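Peer 1: Got a sequence here, can you build the structure:
(one chain, ligands or ions: 1)
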Amino acid sequence: MSHSSKIDVIEPPVLAAFIPQLKRIYAAMDDAYNRAAAHYGFSCDGCRDNCCRTRFYHHTLIEYIYLKEGLMTLDVEMQDRVKLRATDIVHTIEKARDNRGAIRLMCPLNVDTRCILYTYRPMICRLHGIPHELKKPGQPGIKGPGCGTFDSRCGQQPYISFDRTPVYRDMATLEQDVRRSMDFTAKIKMSVAQMIRSDA
Ligand code: SF4
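Peer 2: Numbering: from 1, shown residues only. Below you'll find the model as predicted:
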């Protein structure tokens with residue numbers, strides 16, 4: 001394959017080999033998150049500040065492909081509905097940016113208060129909300145805060161170790177392998193809405 005910087009060069013049979021590894025990494029994230037949440041007694045139930053309104057950006061080709069694979073599991077009507085919502089969101093955000101405004105819009109995959117591609121949701125959707133730490137090689141560890149709802153419900157409790165380092169490292173290694181196998185070099189920075197709208 002020629003050297004590529006375009007996201008629309010996707011070869012599913014090649015990539016299928018990487019999906020089980022991605023699932024293992026996601027399972028490790030979910031385990032780590034659930035363990036920390038259980039220690040604190042933290043739950044998102046009834047949260048008014050829904051983090052599905054936060055515009056997270058996603059940077060990995062493998063997660064992009066997996067989310068698109070998830071999209072294909074929805075019935076055609078739902079796919080169309082989600083794509084329409086994604087288009088509206090992207091346009092609304094572009095307009096707000098032109099007007100120098102900042103807005104929070106619900107993710108197009110959150111339907112009737114639940115994520116309809118929960119199994120396929122990206123990494124940050126699995127990790128957000130609980131205080132954590134990250135250790136980059138040769139640098140002191142960095143601590144990150146929990147979300148507002150965590151602070152109000154559990155913020156008085158002492159920090160319980162929730163180290164994102166191993167799962168970030170595993171994800172980075174997998175992403176490198178995927179990109180190398182496809183000779184894919186482009187940078188990715190897309191919200192869920194942008195991923196859904198992409199024609200790849
Ligand atoms: S992908 Fe799912 S969990 Fe993540 S923001 Fe969208 S609806 Fe929420």
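
Peer 1: can you pull out the strands in this structure?
Peer 2: 110-111, 114-115, 132-134, 142-144 (DSSP state E).

Peer 1: does any bit of the second one sit next to the ligand?
Peer 2: Spelled out, it's strand 114-115. Yes: residues of strand 114-115 are located near the ligand by Cβ under 6 Å from any ligand atom, namely residue 115. Glycine gets a C-beta too; all of them are placed from N, C-alpha and C.

Peer 1: How far does that strand sit from its chain's centre?
Peer 2: 14 Å (Cα atoms, centre = their mean, to the nearest Å).

Peer 1: about what we covered before: in CSV, list the strands of the chain along with distance to residue 99, mean neighbour count and mean pLDDT.
Peer 2: Formatted as CSV, those follow (distance: least, Cβ to Cβ, whole Å; neighbours: other Cβ atoms under 10 Å; pLDDT from 0 to 100):
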stretch, distance to residue 99, mean neighbour count, mean pLDDT
strand 110-111, 25, 17, 96
strand 114-115, 30, 12, 94
strand 132-134, 34, 17, 97
strand 142-144, 31, 12, 96
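
Peer 1: Residue 60: neighbouring residues, count only.
Peer 2: When neighbours are counted by other Cβ atoms under 10 Å, residue 60 registers 18.

Peer 1: nearest spatial neighbour of it, skipping sequence neighbours?
Peer 2: The shortest distance from residue 60 to any non-neighbouring residue, by Cβ to Cβ, 6 or more residues apart in numbering, is to residue 175 (4.7 Å).

Peer 1: OK, contacts around the one you found?
Peer 2: 60-62 (Cβ atoms under 8 Å, 6 or more residues apart in numbering).

Peer 1: what's the pLDDT at it?
Peer 2: Looking at residue 175, its pLDDT is 97.
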